[in-house]
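A.B. asks: Here is the input, now give the coordinates:
(chains A and B, ligands or ions: 2)
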Amino acid sequence: MADVVLSNVHKKFGTFTAVEDLNLDIQQGEFISLLGPSGCGKTTTLRMLAGLEFPTSGEIRIGDRVVNDVPPGDRDIAMVFQSYALYPHMSVGQNIAYPLKKRRVPKTERAGMVAKTAEMLQLTPLLHRKPKELSGGQQQRVALGRALVRDPKVFLLDEPLSNLDAKLRGYMRAELIELHQRLGRTMVYVTHDQLEAMTMSDRIAVMEGGKLQQFAPPQEVYRAPANRFVASFIGTPGMNIVDGSLHEDAGRWTFTAPGFSVDAGQLGPDARPGPAAMGIRPEGLTIGSGPIQGITQLVEQTGHENITVVRLEDGLRMTGRTAPDRLWRTGEPVQLSIDARQAHFFAEGPTGKRLNRDVCTMDAPGSNGTSLKEATS
Amino acid sequence: MLAAVGPPAARRPDPQRYAMAKQQQTVLERQYSRLGLLLIAPTVLVFCAVIAYPLVSAIYLSLFKIFTPTLEGTWVGLDNYRTLLVKGEFWTSLRANLIWTVGTLTLQIIFGVGMALVLHQNIWFRSLARSLILFPYFISTVVAVLVWKWLFNDLYGILNHLMISAGLIDWPIDYLGTMPNAMISVILVGAWKYFPFVVIAVLARLQSIPDQLYEAARIDGAGPIARFFDVTLPQLREVLVVIIMLRAIWDFKEFDLIFLLTGGGPVTSTQTLPLVVYKEAFALNQMGMAAAYAVIMMLIMLVFMILYMRRTQREDT
Ligand SMILES: Nc1ncnc2c1ncn2[C@@H]1O[C@H](COP(=O)(O)OP(=O)(O)OP(=O)(O)O)[C@@H](O)[C@H]1O
Ligand SMILES: [Mg+2]
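C.D. replies: Ligands and ions are numbered 1, 2, ... in the order given. Model prediction:
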C-alpha cells in the first residue's frame, strides 16, 4: 500500500523553481533516501511533506488523505531536524515528553513512554540534563527520541547524521537501520552522503536541480543508473565518463572515443548514432594488460586496494582499482582494458539518458548473483 | 555503547614534576597579570574619579548638617539618617517611588514585548514602524513632557476635548492635579517614553530565535499560544532579566519626567525619592540631608539588585 504519495509537486520560491514536477510513491514501511548535491531541493521536498512549506502545485498524500491543507501537527509525522532544534530551556526528558504533552497524553502515561524511549536510545542517565550539556551525538539521539516517542505514521529525517564524527555516524547509521526494522515505519531520509543512502535505504530518490533523476533500490541506482548525472553522482571513486560517439552496424553498436573504441553490443531503442558518452566504473577497468596505452598518474593506497589514475595518450584520465600487492609508480607506462559488459552508454548532455538495453546484463561478474529483477520485486 | 564514555583512568601525577609545572606556570602567570594590571589601569583611574570619589563623598556629606549655599557644615554623625527614617516624608516618597517604578515598568514590558512581537511579523510597514517606534525614546524629556502637559490640560487640552465630544465624559478631567489621576498620568507618560527601549532589545532577541524551534514545535503539535509560551518566552527570559534590571534602576531614579510633569504634586503624592533629594538640596538647602536620602536610595537599589541576581542565578542552575 502506498503510504506517502507526491503527485506532480512543484515548488517555486518567487521565480526560482526549487522542486519541479516531482512524483514519488512511497510504500508503507519503506526507508527512502532523498539524495543529491547541495541545493537540489531535498530539504524543500521534506519540508513540503512536513507541512512547513506549501507546494506551488501538485498533491501530497499521507496514508489515505490529501494533506496539502493539513497543518504539520495534524499530519501524523515526526521530523528530525538537521540542527536538532531541541528546546534549550527544557531538560532531555521534557524535550521528549513535549509532543505527548501537546497531544494531551495523560501525565502518568507520558512518564512511561518517555522512559521507554529513553531506554531504547540509551538516554536514561541524561534525562535531567539540558541540551547544551550534551554532546552532538547525544543531542542527536534526543532529537530522535522526540520523534520516536509518538509512534507517528511517517518519520522525516533531514541529514540527521551530518554533524557527527565518522565513528558516531557509522554507529548511528546502524542504529537507525535497526530502529527502522523494529518499528516498521515509513521513513524519509534526506542526505547528500551516498554511503548513507546506499547502506540504509530500500529505495533512493536521486535529485538534481529540483528534478527527480531516478527512484530505485540502491543496487539498481548503482548498476543501472538512469542517466549520466546519476551515474557520475553515485559511487566512490566516481564512474569514468568518456565523451565520444556511437555508430551502428547491423544492430551492433560501437562506441568510439579518441584513442580507443568499445564494442557496445546491442543497445536500447533510444540509442541514436552520433555524439554520446560511455561510463565505466573503476572496477570495470583492468589495469596491467589490454589494448589501451596510458601512463600512471596517481596512486592512492587505501590499504585493501589501490586507486590508480591512468592518463591516456590524449590526456583522458581513467580511474581503476588495483590490488595492493602491485603498486605502479607514477609515470610508469601501463596497459588498460575496458570490460564492455560493464560499460554504460549515455545520450548527449549532462543528464543524458542511459541507452543500455536492460538492467540484467549489468550483473557484474563476481556479484552475489541475484538479478536486479528479483531484488526490486 | 555511546553512553559509557567514562572519565579517563585516574593517573597519579608525579609530585615533583607536578610542582615544577606549577612553578613554571606561576612565572608566566605573574608576567601576564603585570601586563593585565597595566592594561586596566586607565579604566581604574577613570572609575575612581567619576564613581568611587562621588560615592564616598556622598556618604561623607551625609554625616554632616550642611547649608547648601555656603557648603559649611557641622558633624552630626548618623543624625540625618535617624531623622529621615522617622520622618513620614521618606516613607510616603518611597511608596510613591515604588508605585511609579512598578507601574511604569510593568506597562513598559507589556507594551514593549507586545509591540516587538507585532514588529517581528512580516507586515508591510515594518521598517517604517520600526523607526517610528523609537520616536518617544529619542525625543528630549523636556519637549515630551511639555507636549503631554498640553494634551492633559484641563482647560484647553485635546484629551478632554476629544473625550467630551465623544460623549465619554461630561466634565473635563483634571489629569495632573488630583489623585490618583496624577500618578496614573505619570506612569503612562513614563511607559510611553521608555517602552521603545524594551521593543528594541526584545526585537533583537526575537530575530535571533531559530525558526527551526518554531517548526519543531508546530510538528510537535503546539498551537500559536503554546509556541509563544514554550518557545518565545523562554528564549526571551534572559534579555527580559537584563531589561527589567536596567529599567528598574533607571525608573527608580527617574527625575526630570516626574519633576516636569507634576513637580511631585498634587502636594507630595507623586513625589518620588529623587525629587525629595532635589528638594532637600536646593529648596531647603540641606545638602547633608539630601546626601543621606541619596545614600538610602542607593542602598535600596543595591538590595533589589542583589535579590534579583540571586534569583536569576538560582534559576540558571
Ligand atoms: N525559503 C526559500 N526562499 C528562496 N529559495 C529557497 C528557499 N528555500 C530553499 N531555497 C532554494 O531552493 C533550492 C533547494 O533548496 P533545499 O534547501 O531544498 O536544498 P537541499 O537539497 O536541501 O540542499 P542541502 O544539501 O544544501 O541542504 C536551493 O537552491 C535554495 O537556494
Ligand atoms: Mg537541505
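A.B. asks: residue ranges of the strands in the stretch 1-150 of chain B, please?
C.D. replies: For the stretch 1-150 of chain B, applying DSSP state E, counting those that start in this stretch gives strands covering B:64-67, B:72-75.
A.B. asks: contacts for the last one?
C.D. replies: In other words, strand B:72-75. B:61, B:63-67, B:287-288 (Cβ atoms under 8 Å, 6 or more residues apart in numbering or on different chains). All C-beta atoms are positioned from the backbone trio N, CA, C, and that covers glycine.
A.B. asks: dump the residue contacts of the closest residue to ligand 1 within the stretch 151-300 of chain B.
C.D. replies: Closest to ligand 1 within the stretch 151-300 of chain B is residue B:211: 10.0 Å, counting by Cβ to the nearest ligand atom. With contact taken as Cβ under 8 Å, 6+ apart, residue B:211 is in contact with no other residue.
A.B. asks: same deal with the one 10 residues further on?
C.D. replies: Under the criterion of Cβ under 8 Å, 6+ apart, the neighbours of residue B:221 are A:73-74, A:99, A:102-103.
A.B. asks: List the beta-bridge partners for residue A:17.
C.D. replies: Beta bridges link residue A:17 to residue A:12, judged by DSSP bridges.
A.B. asks: And the chain, split by domain according to the record?
C.D. replies: Let's take chain A. Residue ranges for the domains of chain A, per automatic domain parsing: A:4-223, A:228-358.
A.B. asks: that answer is for a different chain, and I need it for chain B
C.D. replies: B:1-47, B:79-316.
A.B. asks: tell me the SS of residue A:264?
C.D. replies: Here residue A:264 is recorded as strand under DSSP: H, G, I helix; E, B strand; the rest coil.
A.B. asks: what's the nearest residue to it if we skip its chain neighbours?
C.D. replies: Leaving out its chain neighbours, the residue that sits closest to residue A:264 by Cβ to Cβ, 6 or more residues apart in numbering or on different chains is residue A:253, at 4.0 Å.
A.B. asks: Now name the helix or strand holding the one you found.
C.D. replies: strand A:252-257 (DSSP states H and E).
A.B. asks: Show me what that strand pairs with in its sheet, parallel or antiparallel.
C.D. replies: Applying DSSP bridges, one finds strand A:252-257 paired with strand A:240-249 (antiparallel), strand A:260-265 (antiparallel).
A.B. asks: For residue B:272, find the nearest of those.
C.D. replies: Among those, strand A:240-249 comes nearest to residue B:272, with 81.4 Å by Cβ to Cβ.
A.B. asks: neighbours around residue 274, how many?
C.D. replies: Just going to use chain A. 10 (other Cβ atoms under 10 Å in any protein chain shown).
A.B. asks: my bad, the chain I had in mind was chain B
C.D. replies: 21.
A.B. asks: That one - nearest residue in space that isn't next to it in sequence?
C.D. replies: residue B:255 (4.2 Å).
A.B. asks: check contacts around the one you found.
C.D. replies: So residue B:255 contacts B:274-275, B:278 (Cβ under 8 Å, 6+ apart).
A.B. asks: ok, these vs chain A, which is closest?
C.D. replies: Using Cβ to the nearest Cβ, residue B:274 is the member of these that lies nearest chain A, at 37.3 Å.
A.B. asks: my read: the residue nearest to residue A:264 touches residue A:262, true?
C.D. replies: No: in this structure residue A:253 lies outside contact range of residue A:262 using Cβ atoms under 8 Å: 9.4 Å.
A.B. asks: Residue 195: what's it in contact with?
C.D. replies: Just going to use chain A. Here residue A:195 is in contact with residue A:236 (Cβ under 8 Å, 6+ apart).
A.B. asks: right idea, wrong chain: chain B
C.D. replies: Neighbours of residue B:195 in contact, by Cβ under 8 Å, 6+ apart: B:107-108, B:111-112, B:115, B:136.
A.B. asks: State the distance from residue B:78 to chain A.
C.D. replies: According to Cβ to the nearest Cβ, to the nearest Å, residue B:78 stands 47 Å off from chain A.
A.B. asks: what about the nearest residue to that residue once chain neighbours are set aside, how many neighbours?
C.D. replies: Spatial nearest neighbour of residue B:78, excluding adjacent residues (Cβ to Cβ, 6+ apart): residue B:63 at 7.1 Å. The criterion is other Cβ under 10 Å. On that basis, residue B:63 has 19 neighbouring residues.
A.B. asks: Who are the contact partners of residue B:63?
C.D. replies: By Cβ under 8 Å, 6+ apart, the neighbours of residue B:63 are B:75-78, B:80, B:288.
A.B. asks: For the residue of the stretch 151-300 of chain B closest to ligand 1, grab phi and psi.
C.D. replies: Torsion angles at residue B:211 (phi, psi; degrees, to the nearest 10) stand at phi -60, psi -30.
A.B. asks: Need the pLDDT of residue B:41.
C.D. replies: At residue B:41, the pLDDT value in this model is 91.
A.B. asks: mind listing what's buried in stretch A:224-242?
C.D. replies: A:224-235, A:239-240, A:242 (16 or more other Cβ atoms under 10 Å in any protein chain shown).
A.B. asks: scratch that, stretch B:136-147
C.D. replies: Quick answer for stretch B:136-147 (16+ other Cβ under 10 Å): B:136-137, B:141, B:144-145.
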